[in-house]
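# sequence and predicted structure are below.
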Amino acid sequence: MQLDVFTLVPHAFAWLTEQRPVATVLGGELDLRLFSYRDTTPLRNGQVDDEPYGGGAGMVLRVDVVAAALEAAYGDPPSHPVIALSPQGRQLTQETVEQLALEPHVTLLSARFEGFDERIVEHLASDAISIGPYVLSNGDLPAMVLVDAIARRLPGALSEGSGELESFSRELGGGLEYPHFTRPAEFRGWQVPDVLLSGDHARIESWRKEHVR
């Protein structure tokens, strides 16, 4: 899968490329490319944003800057998904992640401060996604969330079986995973459920099914 991220701070993603599962599939199942808007901006002195028409606080990422970046990378308008990370976008779900992980090529557009000129979302992006009903100072964190979520669904990213029985999976009916416990079996009087210590795999499986949340 080729995953392209357009951002003002490509170096912010450096730590992510060193972490599993991204590091596990990077260079194999995942080709992650980072593009800086400043490298291709048609404006002087690396300018990429401007004051909003009508007044108001903050700066807005310009439509001509994003158009220039996409044209430099792809030439013709891309036919693959181009996703703007925006609080106005549709809410990110595991189902969306699963769908995107099947795409051979996806582009993520990140902005900062007041976000995108609306024409970017309407005409240059094919979709807009939000990671939650709150506001961040930039779109790089949502982009990292999406990169990580997609990467862990690629072949070889996780050990066999660990990606199937987890929160929001089809196997759990879209619910949250059952509670997990590990050693010690007792701590400050807090006990691990006896069934999990029994060694009876049928009982354990039944307990886990009952405690899917």
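On my side now, so go ahead.
# the strands in this structure, which residues?
Using DSSP state E, the strands of the chain run over 2-7, 31-36, 49-50, 60-61, 82-91, 105-109, 127-130, 186-187, 190-191.
# using TSV, please lay out those strands together with mean neighbour count.
C-beta here means a position set from N, CA and C on the backbone, and glycine is covered the same way. Output for these, formatted as TSV (neighbours: other Cβ atoms under 10 Å):
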stretch	mean neighbour count
strand 2-7	22
strand 31-36	16
strand 49-50	18
strand 60-61	22
strand 82-91	19
strand 105-109	22
strand 127-130	19
strand 186-187	9
strand 190-191	10
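# Trp207 is nearest to which of those?
The closest approach between Trp207 and any of the strands of the chain, judged by Cβ to Cβ, belongs to strand 190-191 at 14.2 Å.
# give me the contacts around the closest one.
Strand 190-191 is touched from outside by Ala185, with contacts defined as Cβ atoms under 8 Å, 6 or more residues apart in numbering.
# direction included, what does it pair against?
The strands that strand 190-191 pairs with in its sheet are strand 186-187 (antiparallel) (by DSSP bridges).
# now the strand it pairs with: mean pLDDT?
Strand 186-187 carries an average pLDDT of 96.
# repeat for stretch 40-58
In this model, stretch 40-58 has a mean pLDDT of 94.
# got the end-to-end distance for it?
22 Å (Cα to Cα, to the nearest Å).
# report the buried residues of it.
Thr40, Thr41, Val48, Asp49 (16 or more other Cβ atoms under 10 Å).
# the third one contacts Val65, correct?
Yes - using Cβ atoms under 8 Å, Val48 and Val65 qualify as a contacting pair, with a distance of 4.7 Å.
# who touches both of these two?
What both Val48 and Val65 touch, as defined by Cβ under 8 Å, 6+ apart, is the set Tyr37, Thr41.
# quick one: contacts for the residue nearest to Phe6 when sequence neighbours are not counted?
Distance criterion Cβ to Cβ, 6 or more residues apart in numbering; nearest residue to Phe6, sequence neighbours excluded, is Phe35 at 4.7 Å. Each residue near Phe35 by Cβ under 8 Å, 6+ apart is listed here: Asp4, Val5, Phe6, Thr7, Pro10, Ala69, Ala73.
# ok so, going back, dump the strands of the chain to TSV, plus distance to Arg213.
Conversion of those to TSV gives the following (distance: least, Cβ to Cβ, whole Å):
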stretch	distance to Arg213
strand 2-7	31
strand 31-36	33
strand 49-50	43
strand 60-61	39
strand 82-91	20
strand 105-109	31
strand 127-130	24
strand 186-187	22
strand 190-191	19
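# got the contacts of Phe35 as JSON lines, with pLDDT and distance to Leu100 columns?
Listed next are the contacts of Phe35 as JSON lines, based on pLDDT from 0 to 100; distance: Cβ to Cβ, whole Å:
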{"residue": "Asp4", "pLDDT": "98", "distance to Leu100": "13"}
{"residue": "Val5", "pLDDT": "98", "distance to Leu100": "13"}
{"residue": "Phe6", "pLDDT": "98", "distance to Leu100": "16"}
{"residue": "Thr7", "pLDDT": "97", "distance to Leu100": "18"}
{"residue": "Pro10", "pLDDT": "96", "distance to Leu100": "21"}
{"residue": "Ala69", "pLDDT": "98", "distance to Leu100": "21"}
{"residue": "Ala73", "pLDDT": "98", "distance to Leu100": "19"}
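# alright, calling it a day.
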